[in-house]
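[1] Would you be able to build a 3D model of this:
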Amino acid sequence: SFDVEIQQTGERRPAWGPNPMGRLVILPSYFMMAVLTAAGRPTPSTEAQRAEAFNQTVAYTGPIEIVGDQMQTNVDVSWNEAWIKTVQARTFKFIGANLSLVSAWAPSPFEPTVIIRGILEWKREA
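    Numbering: from 1, shown residues only. Coordinates of the predicted model:
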């Protein structure tokens, strides 16, 4: 799942509907790869549809370091050029076989006056 929580109201809602699609791969060598998209996206055939598909995608990779309850990714490749050579820190916790990753509070990329955080829950497959 991929939810957004609004700091001002405490409201939590699905960012991309109830069933986003994605994979998170964490290797024993402390390297991660993540791809997440909104479910049900149509095949884009126009520039506007390609832009919308891009805005419903997150993808990045890099070596990770575990610091306390944070997984810190040193981003080396990203769908968002602004993330390259940054550290993306996520608070993590295990809920049964699932992994919860929570971002820091930050301005929404779509509504900069609204402070949000992302809450992703990944289901273990292997």
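
[2] so how many other residues sit close to Tyr30?
    Other residues near Tyr30 come to 13 when the count uses other Cβ atoms under 10 Å. (Glycine included, C-beta is placed from N, CA and C.)

[3] Check Met71 too.
    Neighbour number of Met71 under other Cβ under 10 Å is 18.

[4] Partner strands of the helix or strand hosting it, with direction?
    Element membership of Met71 [criterion: DSSP states H and E] is strand 70-74. If you go by DSSP bridges, strand 70-74 pairs up with strand 57-67 (antiparallel), strand 87-95 (antiparallel).

[5] contacting residues for Trp16?
    Residues near Trp16 by Cβ atoms under 8 Å, 6 or more residues apart in numbering: 2, 37-39, 56.

[6] of these, closest to Val87?
    Phe2 (20.6 Å; Cβ to Cβ).

[7] Could you give the bridge partners of that closest one?
    In this entry, Phe2 is beta-bridged to Leu120, by DSSP bridges.

[8] How confident was the prediction at it?
    pLDDT recorded at Phe2 is 95.

[9] Then the one 5 residues further on?
    In this model, Gln7 is scored at 97, pLDDT.

[10] go on, the one 10 residues further on?
    Predicted confidence (pLDDT) at Gly17: the value is 89.

[11] what does the one 5 residues further on give?
    The predicted structure scores Gly22 at 95 on the pLDDT scale.

[12] and it, helix, strand or coil?
    Assigned with DSSP: H, G, I helix; E, B strand; the rest coil, Gly22 falls in the strand class.

[13] who does it bridge with?
    Beta-bridge partners of Gly22, as defined by DSSP bridges: Leu36.

[14] quick one: contacts for it?
    Counting by Cβ under 8 Å, 6+ apart, Gly22 has contacts 2, 34-37, 58, 122.

[15] Kindly write the PyMOL command that selects the buried subset of the residues you listed.
    Per 16 or more other Cβ atoms under 10 Å, the buried members of those correspond to this PyMOL selection:
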select buried, resi 2+34+36+37+58+122
